[in-house]
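**Student:** Sequence first, predicted model second:
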Amino acid sequence: FPSHDTKIYEGDILKYKDGEDCATYLIEWWNEEGRWGDKRLEDGDSQTAYDGFEFVKDCTIIGNRYENPELL
């Protein structure tokens, strides 16, 4: 799915910043639900399923789980 004309893939790590709120997310495909979701890396347990990923327009891709495992 695109964000600022950049394609986002499973395993990508996104940085979200909105004012004072700043968070890092891992993009995942959830087979059980048949949809994309994210896991907020700061707390590890917070997960959100998305049909449209509207929030990604405010995100920057900072790496992926395969090439940047230290970000996890």
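**Tutor:** Thanks, I have the structure now. Numbers count the residues shown, from 1 in each chain.
**Student:** State which strand of this protein is the longest.
**Tutor:** In the chain, assigned by DSSP state E, the strand with the most residues is strand 21-30.
**Student:** average pLDDT for stretch 37-54?
**Tutor:** Here stretch 37-54 scores 72 as its mean pLDDT.
**Student:** same thing with stretch 7-21?
**Tutor:** According to the model, stretch 7-21 has a mean pLDDT of 85.
**Student:** Ok, stretch 59-66 next?
**Tutor:** 92.
**Student:** Same question for that stretch: list its buried residues.
**Tutor:** When burial is assessed from 16 or more other CB atoms under 10 Å, stretch 59-66 yields the following buried residues: C59, I61, G63, N64. In short, each C-beta sits where N, CA and C put it, glycine included.
**Student:** in its sheet, what does the helix or strand hosting the third one sit against?
**Tutor:** For G63, the host element (DSSP states H and E) is strand 59-64. Neighbouring strands of strand 59-64 in its sheet, by DSSP bridges, are strand 12-18 (antiparallel).
**Student:** distance between the strand it pairs with and the chain's centre?
**Tutor:** Distance of strand 12-18 from the chain centroid (CA atoms, centre = their mean, to the nearest Å) equals 6 Å.
**Student:** Of all the residues in it, which ones are buried?
**Tutor:** Buried, per 16+ other CB under 10 Å, within strand 12-18: D12, I13, L14, K15, Y16.
**Student:** Centre of the chain to stretch 10-20, how far?
**Tutor:** The answer for stretch 10-20 is 6 Å, by CA atoms, centre = their mean.
**Student:** who's in contact with it?
**Tutor:** 8, 22-29, 36, 38, 41, 55-56, 58-66, 68, 71-72 (CB atoms under 8 Å, 6 or more residues apart in numbering).
**Student:** ok, back up a step: export the strand holding G63 as PDB, just CAs?
**Tutor:** Extracted in PDB, the C-alpha atoms of strand 59-64 (Å, rounded to 0.1, in the frame of the first residue of the first chain):
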ATOM      1  CA  CYS A  59       4.700   8.000   8.800                       C
ATOM      2  CA  THR A  60       8.300   7.600   7.600                       C
ATOM      3  CA  ILE A  61       9.800   4.200   6.700                       C
ATOM      4  CA  ILE A  62      12.900   3.800   8.800                       C
ATOM      5  CA  GLY A  63      13.800   0.300   7.900                       C
ATOM      6  CA  ASN A  64      12.500  -3.300   7.900                       C
END
